[in-house]
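Student: below are the sequence and a predicted model for it; my questions follow.
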Amino acid sequence: MPVKDASRRLREVVEKANRERYLLLTHGAHLVDTARFLAGPIASVEARHRALDEMHGWSVDVEFESGALGHLELISPRHGDFEEGFRLHGERGSASGTAALPWFQRARVETFKDGEYRRVLGEDGFTFKRQIEGFADTILDRAPQLGATLHDGIAAVRAMVAISHSTVFGGRVAPADVSGPVVTSEERYAPLRKVA
């Protein structure tokens, strides 16, 4: 039977109190990590955020270090079926993918090249099982790590901090130029409140 420390429960309440920060950190991490996996390191972002009651949405224009451009969207909670996905367009082809909740194991990826579509069969798409097996292989057999590394995690957090700075203060922001925590629109005017 799980046992939780009372102080840990209090920390959870505090962490979830600022819904804008909580949603960006919990869901944005997957969004940014997927974008970096598919298109490489992020050079800069320009983002907008809107909130309506409990629903929050981010619209993020991204420039990757390769020179590629991208657009990220995060909406939570979404009123409809949960979905994550991507669309890539290049000079030699394109690829798109959608995934329902990971535990449904129903990812669909399709590519187009040389006038032909190809769709992969996701017969071993049990995400969590594959992650645990890969982690065990890395530790036990010294296999190369296939998942995200510590450096990927740091880069994802820096990108989320840049997204938050762009939504709160405006303009294009480079992850390399930011530090500190994710800021929210509620905190934008906090220094003015302290002075008044």
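Tutor: Okay, I see it.
Student: point to the residue nearest the middle of the protein.
Tutor: With distances taken as CA atoms, centre = their mean, the residue of the chain nearest its centroid is L31 (2.3 Å).
Student: quick check: it is in a helix.
Tutor: Yes - assessed with DSSP: H, G, I helix; E, B strand; the rest coil, L31 lies in a helix.
Student: settle this for me: it is touching I75, isn't it.
Tutor: No - between L31 and I75 there is no contact, the gap being 10.5 Å when judged by CB atoms under 8 Å. Backbone N, C-alpha and C define where each C-beta goes, glycine included.
Student: for the protein, just list every one of the helices.
Tutor: Read by DSSP state H, the chain holds these helices, from start to end of the chain: 6-17, 19-39, 127-141, 150-169, 185-188, 190-195.
Student: now those in CSV, with distance to E46 and mean pLDDT?
Tutor: Compiled in CSV, these are given as follows (distance: least, CB to CB, whole Å; pLDDT from 0 to 100):
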stretch, distance to E46, mean pLDDT
helix 6-17, 27, 68
helix 19-39, 14, 90
helix 127-141, 31, 85
helix 150-169, 6, 94
helix 185-188, 16, 73
helix 190-195, 23, 42
